[in-house]
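In: The amino acid sequence is not available; the structure is as follows:
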């Protein structure tokens with residue numbers, strides 16, 4: 001009976017030790033997941049900022065194109081007007 005009780009006590013101690021290791025691993029896993037989520041969130045913010053910056057650059061480029069196109073149109077209209085004026 002004493003041997004059985006000693007064995008049960010040893011097994012309970014091993015069980016408690018393994019349970020503690022599992023809990024430690026779970027805590028580590030949760031910490032790593034939280035760090036990963038924070039990194040992903042930061043990357044998402046960085047990408048969003050880059051997207052906004054890229055859109056601003058694209059908008060500026062489109063404004064320049066529009067201004068250039070308007071200038072070309074005006075020059076063409078001026079040239080057309082000059083070519084249709086009667087010569088004196």
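Out: Noted; the coordinates are in hand. Because the structure is predicted, anything quoted here is derived from the model rather than measured.

In: Helices of this structure, residue ranges please.
Out: 2-84 (DSSP state H).

In: pLDDT weak spots in it?
Out: Along the chain, segments meeting pLDDT under 70 span 87-88.

In: at 90 instead, please
Out: 1-2, 44-53, 78-88 (pLDDT under 90).

In: Centroid-nearest residue for this protein?
Out: Taking C-alpha atoms, centre = their mean, the centroid of the chain lies closest to residue 44, which sits 2.0 Å from it.

In: how far away is that residue from residue 34?
Out: 16 Å (C-beta to C-beta, to the nearest Å). C-beta coordinates here come from the backbone N, C-alpha and C atoms, glycine included.

In: Please apply the same query to residue 71.
Out: Per C-beta to C-beta, residue 71 is found 56 Å from residue 34.

In: go on, residue 15?
Out: From residue 15 to residue 34 the distance is 29 Å (C-beta to C-beta).

In: One more: residue 43?
Out: Distance, residue 43 to residue 34, using C-beta to C-beta: 15 Å.

In: Compute the distance between residue 69 and residue 62, please.
Out: 10 Å.

In: can you check residue 38 too?
Out: Going from residue 38 to residue 62 by C-beta to C-beta gives 36 Å.

In: what's the answer for residue 51, then?
Out: Distance of residue 51 to residue 62, given as C-beta to C-beta: 16 Å.

In: what do you get for residue 8?
Out: To residue 62, residue 8 is 79 Å away according to C-beta to C-beta.

In: now swap in residue 22 and tell me
Out: Relative to residue 62, and taking C-beta to C-beta, residue 22 is found at 58 Å.

In: And for residue 70?
Out: Distance, residue 70 to residue 62, by C-beta to C-beta: 12 Å.

In: Residue 10 now?
Out: Counting by C-beta to C-beta - residue 10 and residue 62 are separated by 77 Å.
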